[in-house]
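Chemist: Sequence first, predicted coordinates after that:
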Amino acid sequence: FLREVPIATTRGMITDRNGEPLAVSSPVESIWVNPKELLVDAKRIPELATALNIVPEDLTLRLAQRKDKQFMYLRRHMNPDAAKVVLDLNIPGVYSSREFRRFYPHREVMSQVLGFTNLDERGVEGMELAYDDWLTGAAGKQKIIRDNRGRIVENVDLIRQAENGKDLILSIDKRIQYLAYSELKKSVLENKARSGSAVVMDVKTGEILAMVNYPSYNPNSRDTISPSLRRNKAVTDVLEPGSTMKPFTVAAALADGVDPNIVMSTGPGKFKVANLYVSDVHEYGPVTLRRLLVKSSNIGAAKLAGNMSNQHFYDVLSGFGFGERTGSGFPGESAAVLS
């Protein structure tokens, strides 16, 4: 029989900044059948079902439903040695094709950043999805002659050369990623929190050295991945900076020449600014700059900020990199700012 068959291509590898593999594709075999051929020798269906750990009655029903078809997958992504055992049975109409399965050696530590692929090696989440076109190759095609047992007798012609996908190098450092994940997991469990995220960035270049979330998932077990765990919360979940801005307010005040030993009154726990009131959780009384930060006093921060002009406050924050592009390289980074 003269047939045109695809030539499998390899998806590009994803590595960290030092070339450590984070996502690789391993060769596997997928068993498929031509129902028309197999049903001619139907007495061998139970033998095939047993070899593939399929209930014989279920396989017979599936074949009957596709009796007019010439292609049906029986088992995807098998170990090549296990697939050879099935092929060695020499059952008419049973064939295999070379495919590749994505493997993630660092499992939960990298999962939300990398995402994962489906059975056809197309990106579903994370970097696998964002750079799917870059990582995906172009399958080739060739003409071959097969005998009635499915064995290749002759390679007739190469119709199209296969092109492998291109590799993707991330700014992530595997060692820092592991450390960040370990510390985040410990902190979430100790504080009985629902979840947590952490990002480690090179403040000089904007490169992301680590990005982790907990709880996480094992991308090698695609069938058990909960949809709620797929999201990279460090990127998608938006939170107000809140009290994390107070150290910058204090730094800006000191840079503006405010006395480091200044003491401000926060009583009676409310402070009117224009037509609104700023309040603290408790009345902290007189606060120094240190006590302002320890107690996270809203009134103290508001009074401190009132000593500076808006322009000067902006100029000081700009010196810390606020309002500039991050250069992180993530999708949409051209509009991303540290704010």
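Modeler: Thanks, I have the structure now. Only a predicted model underlies this, so the values are computations on that prediction, with no experimental measurement involved.
Chemist: quick one: low-confidence parts of the stretch 201-339 of the chain?
Modeler: Across the stretch 201-339 of the chain, the ranges flagged by pLDDT under 70 are 309-339.
Chemist: Do a quick rundown of the helices in it.
Modeler: 227-230, 233-236, 246-255, 289-295, 298-306, 310-319 (DSSP state H, counting those that start in this stretch).
Chemist: of all those helices, which lies closest to Glu108?
Modeler: Closest of the helices of the stretch 201-339 of the chain to Glu108 is helix 227-230, at 9.5 Å (criterion: Cβ to Cβ). For the C-beta atoms, the positions are set from N, CA and C on the backbone; glycine is no exception.
Chemist: Report all helices and strands that the closest one contacts.
Modeler: Applying 3 or more Cβ pairs under 8 Å, 6 or more residues apart in numbering; DSSP states H and E, one finds that helix 227-230 makes contact with helix 111-114.
Chemist: Figure out how far the following helix or strand past the helix it packs on is from the centre of its chain.
Modeler: As assigned by DSSP states H and E, the chain's next helix or strand after helix 111-114 is helix 126-130. Taking Cα atoms, centre = their mean, to the nearest Å, the mean C-alpha location of helix 126-130 is offset from the chain mean by 6 Å.
Chemist: buried ones in helix 126-130?
Modeler: Of the residues in helix 126-130, Gly126, Met127, Glu128, Leu129 count as buried by neighbour count, 16 or more other Cβ atoms under 10 Å.
Chemist: Now the helix or strand that Ser197 is a member of: buried residues?
Modeler: Ser197 belongs to strand 196-201 when assigned by DSSP H and E. Neighbour counts over strand 196-201 (16+ other Cβ under 10 Å) mark Gly196, Ser197, Ala198, Val200, Met201 as buried.
Chemist: Quick one: residues contacting the residue nearest to Leu170 when sequence neighbours are not counted.
Modeler: Once flanking residues are discounted, Leu170 sits nearest to Asp16: 5.8 Å by Cβ to Cβ, 6 or more residues apart in numbering. With contact taken as Cβ atoms under 8 Å, 6 or more residues apart in numbering, Asp16 is in contact with Leu22, Ile169, Leu170, Ile172, Asp173, Lys174, Gln177.
Chemist: Repeat the analysis, applying 7 Å as the threshold.
Modeler: With contacts defined as Cβ atoms under 7 Å, 6 or more residues apart in numbering, Asp16 is in contact with Leu22, Leu170, Ile172, Asp173, Lys174.
Chemist: then the longest helix along the chain to CSV, C-alphas only?
Modeler: Longest helix in the chain by number of residues (criterion: DSSP state H): helix 174-190. Output of helix 174-190 as CSV, limited to C-alpha atoms (Å, rounded to 0.1, in the frame of the first residue of the first chain):
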residue,chain,number,x,y,z
LYS,A,174,16.2,27.6,38.7
ARG,A,175,18.1,27.9,42.0
ILE,A,176,16.3,31.1,43.1
GLN,A,177,13.0,29.6,41.9
TYR,A,178,13.4,26.6,44.2
LEU,A,179,14.4,28.7,47.2
ALA,A,180,11.5,31.1,46.6
TYR,A,181,9.0,28.3,46.3
SER,A,182,10.3,26.5,49.4
GLU,A,183,10.1,29.7,51.5
LEU,A,184,6.6,30.6,50.2
LYS,A,185,5.2,27.2,50.8
LYS,A,186,6.6,27.2,54.4
SER,A,187,5.1,30.6,55.0
VAL,A,188,1.7,29.8,53.6
LEU,A,189,1.5,26.6,55.7
GLU,A,190,2.8,28.3,58.9
